[in-house]
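*Asks:* output the structure for:
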Amino acid sequence: MKKTILTVTAICLAAVLLCSAACFATASYVHKQALVSGPALSAAPAESAGLKASSLALPSSGGERTAEEIYQLACKQVVGISTTVTGYNMFGQLTKNAVSGTGFIISEDGYILTNNHVVESAYTTGSDVIVKLYDGSEYTAKIVGVEGRDSDVAVLKIEASGLSPVALGNSDEMEVGENIYVVGNPLGELTYTMTSGIVSALDREIAADTNTSINMFQLDAAVNSGNSGGPVYDAQGRVLGIVTAKYQSAGIEGLGFAIPINDAAKIARELIDHGYVTGKAYLGIIVTNMSEADAQRYNSKAGVYVTSVTEGSCAEKADIRQGDVILELGGKAVASTGELAEAKKDYKAGDSCEVKLWRSGKELTVTVTFDEEPSQLEVQAPAAGQEEPRQDPGRSGGDGSEWGSWWDMFGDFFDYYEDREDESGDDRGSFWHFGS
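*Replies:* Numbers count the residues shown, from 1 in each chain. As a prediction, the model looks like this:
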């Protein structure tokens, strides 16, 4: 089945409590966060087979349940997650805002599955993550691992026992039209809200940002800020997916998206066992887009511009250099960082492929043997003496400053918004909100 590719632009997606003008400042940078929000949800599932920390198996199906029964089940399995987002407002001042989302228990001893974007800020800043159960008990959770590059999954752990984990359904057997239920924490205040709907479509390829596209299924159940990371139940009370995204615009309703549970469970298993997803191909470079307009301006070729190369990486060993433009990876043309990321998914650590480059007015081809991608916290800043990544390879003025003049700065600002048009030339006019 051909996948539909939709672009999700995440702008201030985290439903941040007390967020004011800071949201506008964040929006200028297309910030990948989540529709998260306030208070919390609970834990303790039903009789269906739980997920031991050692085996994330898919339990067999049972009989259909009523909506009331599924809600009672969810009140034992769903949890509220709250943390803080740290950033800068439009005046350059450091701000901290409370955010919250949803999660669900996957083992009796306290493993919890949620979205990466719900805890991303806490993971990078070391902020506390608070998990709240339906009975009001609260725990400070440990972030076991996150996967935010190729998906949007995180695993937490609380020190508790005797919890009731969810039963996982088989999302590969999901069908369009089947009934589903969502229980979550919308707006951070309306805890344990249940909504219902159907599976609207399968295999939606959602572009979360310029570098990441994620396979999701579409649903029409109401989801809002704060639902991120919560479960999508089938009629048997088994979890089919993780609520992750929605499309939000005036006059548009019922376009929510969830990560299939089979995909999320595989990632969760890796995060529990290793703290990150193992075996992923890694080049060790920081890149940005070299558009056709930039290529003409700098007498280059359109592709993926290398802003820095990690010392000792496979890219450095293959003689990929800062300032190169990547034209092809493994024979696939790459015109953007997103296409490069997609092409790289065809390989695993230890695989080799050819990379076509543009350097100093000439094309050349090198062979790279991929490293293994490290965990997200292990990715280091460029080594001393290397250029820091910039938003655009051509944004330094003739005087060597980062911005040639105030006019250049505003010109680039407006160029940014001009670039936000779709293929038909129409402005999108609305934002894809990552998380709901």
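
*Asks:* ok, then the element right after the helix or strand of the chain at the bottom of the mean pLDDT ranking?
*Replies:* When each helix and strand of the chain is scored by mean pLDDT, DSSP states H and E, helix 22-27 comes last, with a mean of 30. Counting by DSSP states H and E, the element after helix 22-27 in chain order, helix or strand, is helix 67-77.

*Asks:* and that following helix, what's buried?
*Replies:* Using 16 or more other C-beta atoms under 10 Å as the test for burial, helix 67-77 gives 70-71, 73-77. For every residue, glycine as well, the C-beta is placed using N, CA and C.

*Asks:* what do you get for stretch 192-203?
*Replies:* 192-197, 199-200, 202.

*Asks:* could you pull out the helices for the stretch 101-250 of the chain?
*Replies:* In the stretch 101-250 of the chain, the helices defined using DSSP state H, counting those that start in this stretch lie at 116-125.

*Asks:* and the stretch 251-400 of the chain, by the same measure?
*Replies:* So, for the stretch 251-400 of the chain - with DSSP H, counting those that start in this stretch - the helices run 261-274, 292-297, 314-317, 337-344.

*Asks:* just to revisit the earlier point, in a markdown table, list the buried residues of helix 67-77 along with distance to Phe370.
*Replies:* Converted to a markdown table, the buried residues of helix 67-77 look like this (distance: C-beta to C-beta, whole Å):
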| residue | distance to Phe370 |
| --- | --- |
| Ile70 | 44 |
| Tyr71 | 46 |
| Leu73 | 43 |
| Ala74 | 41 |
| Cys75 | 45 |
| Lys76 | 43 |
| Gln77 | 39 |
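
*Asks:* can you redo those residues as a markdown table with pLDDT and distance to Glu253?
*Replies:* Output for the buried residues of helix 67-77, formatted as a markdown table (pLDDT from 0 to 100; distance: C-beta to C-beta, whole Å):
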| residue | pLDDT | distance to Glu253 |
| --- | --- | --- |
| Ile70 | 97 | 23 |
| Tyr71 | 97 | 23 |
| Leu73 | 96 | 27 |
| Ala74 | 97 | 23 |
| Cys75 | 97 | 27 |
| Lys76 | 97 | 30 |
| Gln77 | 98 | 27 |
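
*Asks:* which parts of the stretch 51-200 of the chain are strands?
*Replies:* Counting by DSSP state E, counting those that start in this stretch, the stretch 51-200 of the chain has strands at residues 78-88, 94-105, 111-114, 129-132, 138-147, 153-157, 179-184, 193-207.

*Asks:* adding mean pLDDT and distance to Ser336, write those strands out as CSV.
*Replies:* CSV is the format used below for the strands of the stretch 51-200 of the chain (pLDDT from 0 to 100; distance: least, C-beta to C-beta, whole Å):
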stretch, mean pLDDT, distance to Ser336
strand 78-88, 88, 26
strand 94-105, 89, 29
strand 111-114, 98, 29
strand 129-132, 96, 33
strand 138-147, 96, 22
strand 153-157, 98, 24
strand 179-184, 97, 33
strand 193-207, 94, 10
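
*Asks:* which of those strands sits most buried?
*Replies:* Between the strands of the stretch 51-200 of the chain, strand 111-114 has the highest mean count of neighbours, a mean of 29, where neighbours are mean count of other C-beta atoms under 10 Å.

*Asks:* tell me how far it lies from the chain's centre.
*Replies:* Using C-alpha atoms, centre = their mean, to the nearest Å, the mean C-alpha position of strand 111-114 is found 15 Å from that of the whole chain.

*Asks:* low-confidence stretches in this structure?
*Replies:* 1-62, 208-211, 376-436 (pLDDT under 70).

*Asks:* would you map out the domains in it?
*Replies:* 4-274, 281-418 (automatic domain parsing).

*Asks:* need the winner for burial among the ones you listed.
*Replies:* Ranked by mean neighbours (mean count of other C-beta under 10 Å), these are led by domain 4-274, with a mean of 21.

*Asks:* gap between that domain and the chain center?
*Replies:* On C-alpha atoms, centre = their mean, the centre of domain 4-274 falls 11 Å from that of its chain.

*Asks:* please begin residue numbering at 10 from this point
*Replies:* Taking 10 as the first residue, the last one we looked at is domain 13-283.

*Asks:* Val192 bridge partners, please.
*Replies:* For Val192, the beta-bridge partners are Met203 (DSSP bridges).

*Asks:* Ala231 versus that one, what's the distance?
*Replies:* 12 Å (C-beta to C-beta, to the nearest Å).

*Asks:* go on, Ala83?
*Replies:* Ala83 sits 15 Å away from Ala231 when distances are taken as C-beta to C-beta.

*Asks:* between the two ends of stretch 298-313, how far is it?
*Replies:* 5 Å (C-alpha to C-alpha, to the nearest Å).

*Asks:* relative to Ile268, how far out is the residue minimising distance to the centre of the chain?
*Replies:* In the chain, the residue lying closest to the centroid (C-alpha atoms, centre = their mean) is Asp161, at 3.7 Å. Shown here: Asp161 relative to Ile268, a distance of 6 Å by C-beta to C-beta.

*Asks:* which neighbours do the two share?
*Replies:* Shared contacts of Asp161 and Ile268, defined by C-beta atoms under 8 Å, 6 or more residues apart in numbering, comprise 223, 251, 253.

*Asks:* and those residues, which is closest to Asn125?
*Replies:* Thr253 (9.4 Å; C-beta to C-beta).

*Asks:* against Ile251, how distant is Thr279?
*Replies:* Actually, residue 279 is Glu. It isn't Thr. Glu279 is 16 Å from Ile251, by C-beta to C-beta.

*Asks:* same check on Ile152?
*Replies:* 16 Å.

*Asks:* swap in Gly72?
*Replies:* Distance from Gly72 to Ile251, by C-beta to C-beta: 24 Å.

*Asks:* picking up where we left off before, between the buried residues of helix 76-86, which is nearest Val313?
*Replies:* Checking these one by one against Val313 (C-beta to C-beta), the nearest turns out to be Gln86, at 42.6 Å.

*Asks:* touching, that closest one and Pro240? I think so.
*Replies:* Yes: between Gln86 and Pro240 there is a contact under C-beta atoms under 8 Å: 7.2 Å.

*Asks:* common neighbours of those two, please.
*Replies:* With C-beta under 8 Å, 6+ apart as the test, Gln86 and Pro240 both reach 113, 175.

*Asks:* chain neighbours aside, what residue packs nearest to Asn271?
*Replies:* Leaving aside its sequence neighbours, Asn271 sits nearest to Ser180 (C-beta to C-beta, 6 or more residues apart in numbering; 4.6 Å).

*Asks:* so who does that neighbour touch?
*Replies:* 226, 249-250, 269-272.
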